[in-house]
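Colleague: Requesting a structural model of the entry that follows:
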Amino acid sequence: MEAFTAGLISLDDALSTMLDRVTPVAETETLPLTAATGRITAAAVISPIDVPPFANSAMDGYAVRLADLAMERPLAIAGKAFAGSPFSGDWPAGSCIRIMTGAPVPPGAEAVVMQEETELTEDKVRFLSGANAGQNIRLAGEDIARGASVLAAGIRLGAAELPLLASLGVADVTVKRRLRVAVFSTGDELQPVGKPLAAGQIYDTNRFAVRLMLEKLGCEVIDLGIVRDNQPALRAAFIEADSRADVVISSGGVSVGEADYTKAMLEELGKVGFWKLAIKPGKPFAFGRLQNSWFCGLPGNPVSAVLTFYQLVQPLLAKLSGLTAPALPPRQRVKSASSLKKTPGRLDFQRGRLTRNAQGELEVSSTGPQGSHVFSSFSQANCFIVLERERGNVQAGEWVEVEPFNSLLEG
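Modeller: Prediction:
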């Protein structure tokens, strides 16, 4: 086994090598909120107002002065306050103000007594309990103070963040520019999706899958199509991609076959950071630097290509885009409901289905055959079963680590 795994670097070392070398893009743009979905904040967003902007009632009830309430007798109603229509006028001593939730608290009010703790007489209100100063009053700036940072730099803007900014009256937000990613596939056997297959041909699944994932990550995709297995065509593709993109991603051509030219081309036009990984599937993954861009060479097998994109390229793109949140979900330990085949030597990512059993406990099951060509395993899975590098076969009932899919692989 050592002969077959010698020279392979671990996933953690590979990821550290990639992330230590790259820095986020510096260019920014300012967009209206309606055009900023999925974009990454380039700077902290500061609140221009207090939230709430004025002291208001947290309940339907009666605004009171504590001295009037201490008299322990019914109080006359001096007026009403509604959301959007505050009380105005004189507020005589010995009276209260009828107030609704969200209405501005009248000047001088020290508490709001909820209506359930009162009784109406013919023309006055009897209070069934006392009150403390500030009771049921939301203070100005209690949620967000003017000048406070409401979103840090490096946050992806979505359905939780954009309405928050809208509630503050923030109309535009400064974000990092989109990453430009060039993608192409290599191989004489590849045929574009939608065209009939000739003898010995297969469909170009990888470029299709990579493009979908890049679009989901908010990247600007430069699709250079299929590049045939000859060095002049591959050299031209590399040069064009490097001139247009921040990151260049190829699929295929990084193995050890006679027609696998990608690694040789990377060595000619740039510099190889590493080539072989101690993971399964996905051993032939290349990372390096071209003149203007970073390069990631994905394996040719579809499952290997998607796995290495998910585990390595996704975190790389996250850092380059300025995202500060972890790109991958945390792993957790659960029991395996299936027996799993595993040969020691490489970290193994098997596709699994994480569910709850009859006892309400989380457990994971295999999706079936785990070959690097069996792409249907992804459509049936919702997690990776991550088996340690030196671990062997797993019996049903043993503890294993699982990594739930994030939104990149969810439906």
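Colleague: and the residue lying closest to residue 201 once chain neighbours are set aside, what is it in contact with?
Modeller: Excluding the flanking residues, the one nearest residue 201 by CB to CB, 6 or more residues apart in numbering is residue 191, at 4.6 Å. In short, each C-beta sits where N, CA and C put it, glycine included. Residue 191 makes contact with 197-198, 201-204, 226, according to CB atoms under 8 Å, 6 or more residues apart in numbering.
Colleague: Repeat the analysis, applying 7 Å as the threshold.
Modeller: By CB atoms under 7 Å, 6 or more residues apart in numbering, residue 191 lies in contact with 197, 201-204.
Colleague: Of those - the most surrounded one?
Modeller: Within the contacts of residue 191, most neighbours by other CB atoms under 10 Å means residue 204, with 23 neighbours.
Colleague: So it sits against residue 190, correct?
Modeller: Yes. The criterion here is CB atoms under 7 Å, and residue 204 meets it with residue 190 at 4.4 Å.
Colleague: got any residues that touch both of these two?
Modeller: residue 226.
Colleague: Tell me which other helices or strands the strand ranked longest in the chain touches.
Modeller: The strand spanning the most residues in the chain, taking DSSP state E as the definition, is strand 347-356. Strand 347-356 sits against strand 279-280, strand 362-366, helix 376-380, strand 383-387, strand 399-404, with contacts defined as 3 or more CB pairs under 7 Å, 6 or more residues apart in numbering; DSSP states H and E.
Colleague: avg pLDDT for it?
Modeller: Averaging pLDDT along strand 347-356 gives 95.
Colleague: Can you report how many residues lie near residue 25?
Modeller: Residue 25, neighbours per other CB under 10 Å, totals 17.
Colleague: show me what contacts it?
Modeller: 176-177, 179, 246, 320, 322.
Colleague: Just flag the most distant two among the residues you listed.
Modeller: Across the contacts of residue 25, the longest distance by CB to CB is 12.1 Å; it joins 246 and 322.
Colleague: Distance check, residue 224 against residue 237.
Modeller: Distance check for residue 224 against residue 237: by CB to CB, to the nearest Å, it reads 6 Å.
Colleague: Residues contacting stretch 210-227, please?
Modeller: Under CB under 7 Å, 6+ apart, the answer for stretch 210-227 is 38-39, 178-186, 190, 192, 204, 233-234, 237, 240-241, 244-245, 249, 251, 305, 309, 317, 408.
Colleague: Please identify the buried residues of it?
Modeller: For stretch 210-227, a neighbour-count test (16 or more other CB atoms under 10 Å) marks 210-211, 213-214, 217-219, 221-222, 224, 226-227 as buried.
Colleague: Any chance of CSV for these, columns secondary structure and pLDDT?
Modeller: Output for the buried residues of stretch 210-227, formatted as CSV (DSSP: H, G, I helix; E, B strand; the rest coil; pLDDT from 0 to 100):
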residue, secondary structure, pLDDT
210, helix, 95
211, helix, 95
213, helix, 95
214, helix, 97
217, coil, 95
218, coil, 94
219, coil, 97
221, strand, 98
222, strand, 98
224, strand, 95
226, strand, 91
227, strand, 90
